[in-house]
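J.: Turn this into a structure:
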Amino acid sequence: MKQLFDNAGVAHVQTSTIELPAAELATEVAYIRSDFKGWMRDKFDLHPNQEHQLEIMPDDFAQRLANAIADHYEQRVAVQFYKETRAEDDNKDLKDLILNGMDQVTYTLGSEPSVAVPELAIWIRYKRTI
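T.: Numbering: from 1, shown residues only. This next block holds a predicted model:
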């Protein structure tokens, strides 16, 4: 069943995802990495305006976001998520999507690079109605 794209809906999707058996989690993580926008459409009941915003999200930004989320789910860690809400969910609002804690790569000469996955936080903030 699709969830609303709000704080409760995202929490439900995250909990059900990180509790999947290992093989199913690996499949889900691969889906997030390969088709993040499709995964969002499958998991969330998006309003037409949310669908449009997902569609116009730059592919490189979506891929970085997908990898950060997948990295956390792979480790069975939920992402901190907070979305401000409006009384009218499908208004055309100008929003900021703020991400904190993307992957950090460390390389020590003579060794393999290691990737630290810091805590990821996503905040969707409304700026004004357009």
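
J.: Give the buried residues for whichever strand or helix holds residue 32.
T.: Residue 32 is part of helix 22-34, with elements assigned from DSSP states H and E. The neighbour-count check on helix 22-34 (16 or more other Cβ atoms under 10 Å) flags 25, 28, 29, 31, 32, 33 as buried. All C-beta spots, glycine's among them, are computed from the backbone N, C-alpha and C.

J.: Closest to residue 124 out of the residues you listed?
T.: Checking those against residue 124 by Cβ to Cβ gives residue 32 as the nearest, at 18.1 Å.

J.: and the gap between the nearest residue to that closest one once chain neighbours are set aside and residue 52?
T.: Leaving aside its sequence neighbours, residue 32 sits nearest to residue 70 (Cβ to Cβ, 6 or more residues apart in numbering; 4.4 Å). According to Cβ to Cβ, to the nearest Å, residue 70 stands 24 Å off from residue 52.

J.: quick one, what contacts residue 40?
T.: Counting by Cβ atoms under 8 Å, 6 or more residues apart in numbering, residue 40 touches 5, 46, 54.

J.: what's the longest helix seen in the chain packed up against?
T.: With secondary structure taken from DSSP state H, the chain has its longest helix at helix 59-74. Under the contact criterion of 3 or more Cβ pairs under 8 Å, 6 or more residues apart in numbering; DSSP states H and E, helix 59-74 touches helix 7-18, helix 22-34, helix 36-43.
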